[in-house]
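Peer 1: Output the structure for:
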Amino acid sequence: MQQAPPKPTDARLILQSPQDNCLIAGARLEAGERVQIEGEIVTLAKTIDLGHKVARRALRTDEKVLRYGAIIGHVTSDVQSGEHLHTHNLESDYLPTYTHDAGHAFVDHRDR
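Peer 2: Numbering: from 1, shown residues only. All right, here's what the predicted structure looks like:
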């Protein structure tokens, strides 16, 4: 039985493992830009910086996020294909999440 060829994805989005449900931005992607993810054209709602995660497909609240084929956390709200995955909608299942707030101090986001 012949396997279907993979559906096209923008070359700037990197799939690190076939099991992953996120892609990695290999370049800065600007808000409003249209990218192809597995044959689907998606318009980016926000700018996504180099190295940041992008949803490979729609994810439901509490669904596990896989990178390199391993669980890295879960989404805290529903996420659409092409949406930026970061601390505003992704929580680590292993470590507290902290971000640098406006270049001044670290902010604990565990209770959000």
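
Peer 1: After the strand ranked longest in the chain, heading C-terminal, what element do we hit next?
Peer 2: If you go by DSSP state E, the chain has its longest strand at strand 70-75. Per DSSP states H and E, strand 70-75 leads on to strand 84-85 as the next helix or strand towards the C-terminus.

Peer 1: Can you give the distance of that next one from its chain's centre?
Peer 2: Its chain's C-alpha centre lies 4 Å from the corresponding centre of strand 84-85 when counted by Cα atoms, centre = their mean, to the nearest Å.

Peer 1: now stretch 63-75
Peer 2: Taking mean C-alpha positions (Cα atoms, centre = their mean), stretch 63-75 and its chain are 10 Å apart.

Peer 1: quick one: secondary structure of the residue most central in space within the chain?
Peer 2: Centrality entry for the chain: nearest residue to the mean C-alpha point is residue 54, 2.6 Å, by Cα atoms, centre = their mean. At residue 54 the chain is in strand, as set by DSSP: H, G, I helix; E, B strand; the rest coil.

Peer 1: residue contacts, residue 37?
Peer 2: Residues near residue 37 by Cβ atoms under 8 Å, 6 or more residues apart in numbering: 9, 10, 13, 23, 54, 56, 57, 81, 82. Where C-beta positions appear, they are placed from N, C-alpha and C, glycine not excepted.

Peer 1: switch the cut-off to 10 Å
Peer 2: By Cβ atoms under 10 Å, 6 or more residues apart in numbering, residue 37 lies in contact with 7-10, 13, 15, 23, 54-57, 81-82.

Peer 1: Just the buried ones from those residues?
Peer 2: 9, 10, 13, 23, 54, 55, 56, 81, 82 (16 or more other Cβ atoms under 10 Å).
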